[in-house]
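J.: Sequence first, predicted model second:
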There are 2 protein chains.
Amino acid sequence: MTKKHIYVYSPSSAVRDRSVIRRGVARLKALGHEVELDEAVFARHMRFAGDDETRLAAIHRAAASGADVALITRGGYGLTRILPGIRYKAVAKAIEKGTRFVGLSDFTAFQNAVLAKTGAVTWSGPALGEDFGVEGEPDDIMQDCFQDLVSGQGEGTGWQLPRSEETAKLVQVKDAVLWGGNLAIIAALAGTPWLPQVKGGILFLEDVHEHPYRIERMLTQLLYAGVLAGQKAIVLGHFTNYKPVPHDKGYRLQTVVDWLRAQVKCPVFTQLPFGHVPTKVCLPVGAPLHLAVEGRDAFLLWGHRH
Amino acid sequence: MTKKHIYVYSPSSAVRDRSVIRRGVARLKALGHEVELDEAVFARHMRFAGDDETRLAAIHRAAASGADVALITRGGYGLTRILPGIRYKAVAKAIEKGTRFVGLSDFTAFQNAVLAKTGAVTWSGPALGEDFGVEGEPDDIMQDCFQDLVSGQGEGTGWQLPRSEETAKLVQVKDAVLWGGNLAIIAALAGTPWLPQVKGGILFLEDVHEHPYRIERMLTQLLYAGVLAGQKAIVLGHFTNYKPVPHDKGYRLQTVVDWLRAQVKCPVFTQLPFGHVPTKVCLPVGAPLHLAVEGRDAFLLWGHRH
């Protein structure tokens, strides 16, 4: 594939270990890409990657970079508080010109605000540090999906559902806008102008460090806000690294999934390879796509349009 | 004072230690009260104090009890998911007849839903277990405020502001509806029909186990939802038991308070004796009251009306 220009910047929490970023850069270069580091990529202001102005400037430099891909170093926290300062038209224009904004976790705030304000498509996918900067080999599937994305070859993604979700007949959801990402961020956007008003969409969600009762509380918020009833399907990625406690007494993540299914009419599928896990696919937030499920095979298909 | 009838029930998480409740009951009896335990006070369904129907029935029995006070055993988690099942008219009627619903934490969901649906006043105050069931003596101020509440003697509460909030001249906010409680719950109600639409109110907030960045993210949600701009004052109680991390690098609770003050035009006062701390006052959620601040002395005054 041809060499791509990847612009790396830090819109959220400060990079803690520069060697992780350097390792990630080396990996992208080894894949044949040209990597440009934003001037504030290692900036720090308390827990943030620079103060609000610094991080906003980094986002706007990424938008002005003309790069094929604008990739975050990491998530953490910092985007929700600067949402009003983002120049959305500039971001949408960069996207129109071919820059793909890629990231996850806290980046969900940026992605959904861009969707709400402009309708432009961004990509849920890896972060440079956590995904490419790992010691040892980066995850194969993550890397392949990223390469498909940067080359414009990606047409969709597939995964295997748990046995309990096996369908006897083909389930299809057509022309539905995919949106979502990190549940805590999506819930934190409820009631604000930054939550996309997607009707008949496919909502995908993941989270980390959130006990199932908190996951349920956040889903309850989306339920009461009318968000869930408006979707044609809900697809759950991975919810990881929470601590069960003895007084859960059988209350667990599956309890929440079962509860969710009882609250909504649309299908709820799980095990989407996305979240704070090594194996993650790339997903176009804001793009219309098709969901197809047959047996235990699930597919999200977006064709060549993006 | 005359003997009061206190009805104790469990609308949220299951009671873990019955001896805590028994100790609390003994203390209320020692204060001269008659204490009635709801039949499901010790019920358990996973982490909940009984399944949803059981907890709803407990709330409705409390409303039908004719008691002077309906007091929760504890908070935890469980009210947000049953908000649609509560018979708000029955609760408002009980309040009109003189039953004071008292509690905190997860109970914030009930209180603010009641306010949103009926305008009726409930009380942020102690929980039986954590406050009266402690080993050793319950907090003096908590107990005095509770006694004032149950006797109908309470006319307001006062506290001392930190030196940094000392005012040169008298600050007064008149006839403003007090509302709020636990920040995580208030944020979880944003965008839903259960968030009271209070304009020109006084919003009070507290929380536990939430890192300052999460507190900030929740306040950001209320900011973007237009909730903060609609208030005449914001009063912060205690935010306790979170774990600072090394990479906070100077980012702390005070950083969030400073940030909040820069976002809103109304005054923000702190150190309200309320939250997950032993010394807590009783506060009428939904009642119009006066806030007066002079020097370092702050007062919330509601007179004899409630």
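T.: Looks like it arrived, so ask away.

J.: From here on, just use CA atoms for contacts and neighbour counts.
T.: Noted.

J.: hang on, residue A:159 packs against residue A:270?
T.: No: contact criterion Cα atoms under 8 Å: residue A:159 and residue A:270 do not qualify, at 9.7 Å.

J.: The two: which has the busier surroundings?
T.: residue A:270 (19 against 16; other Cα atoms under 10 Å in any protein chain shown).

J.: Tell me which helix or strand the nearest residue to that one once chain neighbours are set aside sits in.
T.: Nearest non-adjacent residue to residue A:270, counting by Cα to Cα, 6 or more residues apart in numbering or on different chains: residue A:236, 4.5 Å away. Using DSSP states H and E, residue A:236 falls within strand A:231-240.

J.: thought residue A:58 was touching residue A:9?
T.: Yes: assessed by Cα under 8 Å, residue A:58 is found in contact with residue A:9 at 6.2 Å.

J.: where do the contact lists of the two overlap?
T.: Common contacts of residue A:58 and residue A:9, defined by Cα atoms under 8 Å, 6 or more residues apart in numbering or on different chains, comprise A:38, A:40-41.

J.: Enumerate the residues of the stretch 1-150 of chain A near chain B.
T.: A:16, A:46-47, A:77, A:80-81 (Cα under 8 Å from any Cα of the partner chain).

J.: please redo it, this time with the cut-off set to 6 Å
T.: The stretch 1-150 of chain A comes close to chain B at residues A:46-47, as judged by Cα under 6 Å from any Cα of the partner chain.

J.: repeat for the stretch 151-300 of chain A
T.: Neighbours of chain B within the stretch 151-300 of chain A, by Cα under 6 Å from any Cα: A:188, A:190-192, A:221, A:224-225, A:247-251.

J.: The residue of the stretch 51-200 of chain A found nearest chain B: which element?
T.: Residue nearest to chain B within the stretch 51-200 of chain A: residue A:191 (3.6 Å; Cα to the nearest Cα). Using DSSP H and E, residue A:191 sits within no helix or strand.

J.: Around it, count how many other residues there are.
T.: Around residue A:191 there are 23 residues (other Cα under 10 Å).

J.: Quick one: the strands in the stretch 51-200 of chain A, in order.
T.: Counting by DSSP state E, counting those that start in this stretch, one finds strands in the stretch 51-200 of chain A at the ranges A:69-72, A:100-103, A:122-124, A:156-160, A:167-182.

J.: Redo these as JSON lines? Include distance to residue B:53 and mean pLDDT.
T.: Formatted as JSON lines, the strands of the stretch 51-200 of chain A follow (distance: least, Cα to Cα, whole Å; pLDDT from 0 to 100):
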{"stretch": "strand A:69-72", "distance to residue B:53": "46", "mean pLDDT": "98"}
{"stretch": "strand A:100-103", "distance to residue B:53": "42", "mean pLDDT": "98"}
{"stretch": "strand A:122-124", "distance to residue B:53": "39", "mean pLDDT": "98"}
{"stretch": "strand A:156-160", "distance to residue B:53": "36", "mean pLDDT": "97"}
{"stretch": "strand A:167-182", "distance to residue B:53": "31", "mean pLDDT": "96"}
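
J.: which one of the ones you listed lies closest to residue B:146?
T.: Closest to residue B:146 of the strands of the stretch 51-200 of chain A, according to Cα to Cα: strand A:167-182, at 41.6 Å.

J.: Against which helices or strands is that closest one packed?
T.: strand A:201-208, strand A:288-295 (3 or more Cα pairs under 6 Å, 6 or more residues apart in numbering or on different chains; DSSP states H and E).

J.: hmm, who's touching the following helix or strand past the last one?
T.: Scanning forward in sequence from strand A:288-295, with DSSP H and E defining helices and strands, the next element found is strand A:297-301. The contact list for strand A:297-301 (Cα atoms under 6 Å, 6 or more residues apart in numbering or on different chains) reads A:155-160, A:289-292.

J.: so what strands line up beside strand A:297-301?
T.: Partner strands and pairing direction for strand A:297-301 (DSSP bridges) are strand A:156-160 (antiparallel), strand A:288-295 (antiparallel).

J.: which of those strands sits most buried?
T.: Among these, strand A:288-295 has the highest mean neighbour count (mean count of other Cα atoms under 10 Å in any protein chain shown), at a mean of 20.

J.: Domain map for chain A?
T.: Domains of chain A are assigned by automatic domain parsing as A:5-151, A:156-305.

J.: Just name the most buried of the ones you listed.
T.: Comparing the domains of chain A by mean neighbour count (mean count of other Cα under 10 Å), domain A:5-151 comes out on top with a mean of 21.

J.: Phi, psi for residue A:247 please.
T.: Residue A:247 adopts backbone torsions of phi -80, psi 10, taken as degrees, to the nearest 10.

J.: Show the pLDDT at the nearest residue to it once chain neighbours are set aside.
T.: The shortest distance from residue A:247 to any non-neighbouring residue, by Cα to Cα, 6+ apart, is to residue B:47 (5.8 Å). Residue B:47 carries a pLDDT value of 98.

J.: Contact partners for residue B:47?
T.: Neighbouring residues of residue B:47 by Cα under 6 Å, 6+ apart: A:247-249, B:13-14.

J.: And the furthest pair within these?
T.: So, the contacts of residue B:47 by Cα to Cα: farthest apart are A:249 and B:13, at 11.5 Å.

J.: Could you tell me how far the next helix-or-strand element following the strand holding residue A:236 lies from the centre of the chain?
T.: Counting by DSSP H and E, the next helix or strand C-terminal to strand A:231-240 is helix A:253-263. Relative to the centre of its chain, helix A:253-263 is centred 22 Å away, using Cα atoms, centre = their mean, to the nearest Å.
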